[in-house]
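Novice: Sequence and predicted model, in that order:
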Amino acid sequence: MSGGTEIPVRVTTVTPVAERIKRFRFERLDGRPMPYFSGGAHVIVSMNDEGHIRRNAYSLMSPPQDCSAYEISVLHVENSRGGSTFMHEKVREGDEMKVSYPVNLFQPDWRARKHLLIAGGIGITPFIAMMEQFSREGANFELHYAVRSHDRGAYCRELVDRYGSHRVKIYCDAESNFIPLARLLDSQPLGTHLYVCGPSGMIDGVLRAGLEAGWPEQNLHSERFLSSQPGRPFDVELLRSEKTVHVGHHESMLEAIEAAGVDAPFLCRGGACGQCETAVAACEGRLLHHDVYLSDEEKASGRKVMICVSRFEGNRLSLDL
């Protein structure tokens with residue numbers, strides 16, 4: 001998928017749900033149902049910021065069986081590169097926007113005897129749709145949700161009310177109340193699958209603890225959307241397109257390439273899916289890999305780069321694009 005596959009929508013509701021978090025509801029302009037999606041799916045939201053197109057991935061949190069609209073929740077990120085600031089400060093009810101067709105890189109494994117969900121902060125959003133689907137299917141699940149403080153905890157009360165305190169456990173950092181990860185990992189029935197979404201440090205810690213506790217790697221699932229880090233501006237040569245593109249301090253390669261009129265593939269724009277993997281034809285300098293998709297060996301080879309989040313320092317970079 002690239003930027004050409006989009007659905008024109010109208011923002012029908014904007015709702016503050018917690019400190020620095022808003023929920024947005026999108027309905028199609030043509031009145032037709034939205035495409036079906038499954039729990040864990042995300043869409044790319046396109047934002048026209050005074051002629052500059054920003055595209056961010058957001059997990060769908062509306063009930064998967066309800067195709068009347070899509071809903072997302074957006075955290076206003078500190079030191080935002082522009083996307084979350086645009087959504088919070090410029091998007092109003094009635095605005096027209098575009099969203100991609102849904103993509104699911106965080107699909108539940110329906111072979112699991114039990115689903116153990118661990119969320120941190122805004123990482124709760126994919127689990128909201130997932131739990132709705134688990135509940136309708138009669139699947140065994142349990143959520144452990146960590147928030148910094150109660151005023152920043154989105155949907156805590158709603159989730160406890162809907163699924164019960166025996167299934168939904170809330171932990172608050174400000175009260176020194178933390179997820180008892182070791183106990184959780186040791187007390188699950190055989191065949192349990194674990195899913196984690198939240199800050200990168202939390203995801204890394206949970207996955208590492210799972211492996212150290214003897215969990216099979218295929219039973220550990222995670223989702224993270226990384227953002228492109230700022231860095232020194234550089235130029236990249238696109239051989240097939242016969243263009244040289246300047247990548248600015250706060251731009252990703254993918255954004256600069258799109259702004260130059262080149263249609264590059266993407267699915268997540270966060271260094272996780274592999275769709276924007278691009279062959280490196282020449283590299284006189286150092287690739288700064290920030291993705292979680294390429295292996296350490298692939299990164300060291302210098303023959304591939306994920307243009308959505310990675311950067312370059314040096315004299316010359318040529319891509320097969």
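Specialist: Received, thanks.
Novice: Can you list the neighbours in contact with the helix or strand encompassing residue 13?
Specialist: Using DSSP states H and E, residue 13 maps to strand 6-18. Applying C-beta atoms under 8 Å, 6 or more residues apart in numbering, the contact partners of strand 6-18 are 22-30, 34-35, 46, 69-70, 73, 91-101, 151-155. For glycine as for every other residue, the C-beta is placed from the backbone atoms N, C-alpha and C.
Novice: can you tell me which residue is nearest the centre of the chain?
Specialist: residue 225 (3.7 Å; C-alpha atoms, centre = their mean).
Novice: who's in contact with the closest residue to that one other than its chain neighbours?
Specialist: Counting by C-beta to C-beta, 6 or more residues apart in numbering, residue 225 lies nearest to residue 270, which is 3.3 Å off, once chain neighbours are set aside. Contacts for residue 270 were tallied using C-beta under 8 Å, 6+ apart; they are 57, 224-227, 308-309.
Novice: which residues in this structure form helices?
Specialist: 83-89, 125-137, 156-163, 181-186, 200-212, 253-259, 296-301 (DSSP state H).
Novice: For residue 218, which of these is the nearest?
Specialist: Nearest of the helices of the chain to residue 218, taken as C-beta to C-beta: helix 200-212 at 11.1 Å.
Novice: Strands of the stretch 51-200 of the chain, residue ranges please.
Specialist: Ranges of strands within the stretch 51-200 of the chain are 52-59, 70-75, 96-100, 114-120, 141-147, 168-172, 192-197, based on DSSP state E, counting those that start in this stretch.
Novice: closest to residue 129 out of those strands?
Specialist: Set against residue 129 and scored by C-beta to C-beta, the strands of the stretch 51-200 of the chain come closest in strand 52-59, at 7.5 Å.
Novice: Break this structure into its domains for me.
Specialist: 6-100, 114-223, 234-319 (automatic domain parsing).
Novice: will you turn those into TSV that also has distance to residue 108 and mean pLDDT?
Specialist: Converted to TSV, the domains of the chain look like this (distance: least, C-beta to C-beta, whole Å; pLDDT from 0 to 100):
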stretch	distance to residue 108	mean pLDDT
domain 6-100	6	94
domain 114-223	6	96
domain 234-319	17	92
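Novice: now those domains in CSV, with distance to residue 106?
Specialist: Putting the domains of the chain into CSV (distance: least, C-beta to C-beta, whole Å) gives the following:
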stretch, distance to residue 106
domain 6-100, 4
domain 114-223, 4
domain 234-319, 9
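Novice: which residues does residue 227 contact?
Specialist: With C-beta under 8 Å, 6+ apart, residue 227 has these contacts: 81, 270, 309.
Novice: go on, residue 122?
Specialist: 21, 73-75, 154, 198.
Novice: Quick check: the farthest pair among the residues you listed?
Specialist: It's 74 and 198 that sit farthest apart of the contacts of residue 122, by C-beta to C-beta, at 15.5 Å.
Novice: For those two, indicate the residue with more neighbours.
Specialist: residue 74 (24 against 21; other C-beta atoms under 10 Å).
Novice: wait, doesn't the more buried one sit right on residue 20?
Specialist: No: the pair residue 74 / residue 20 is not scored as a contact, 9.2 Å apart, by C-beta atoms under 8 Å.
Novice: shared neighbours, the two?
Specialist: Joint contacts of residue 74 and residue 20 (C-beta under 8 Å, 6+ apart) are residue 88.
Novice: where along the stretch 201-321 of the chain do the strands fall?
Specialist: Per DSSP E, counting those that start in this stretch, the stretch 201-321 of the chain carries strands over the ranges 220-223, 234-238, 243-247, 277-288, 304-306, 311-319.
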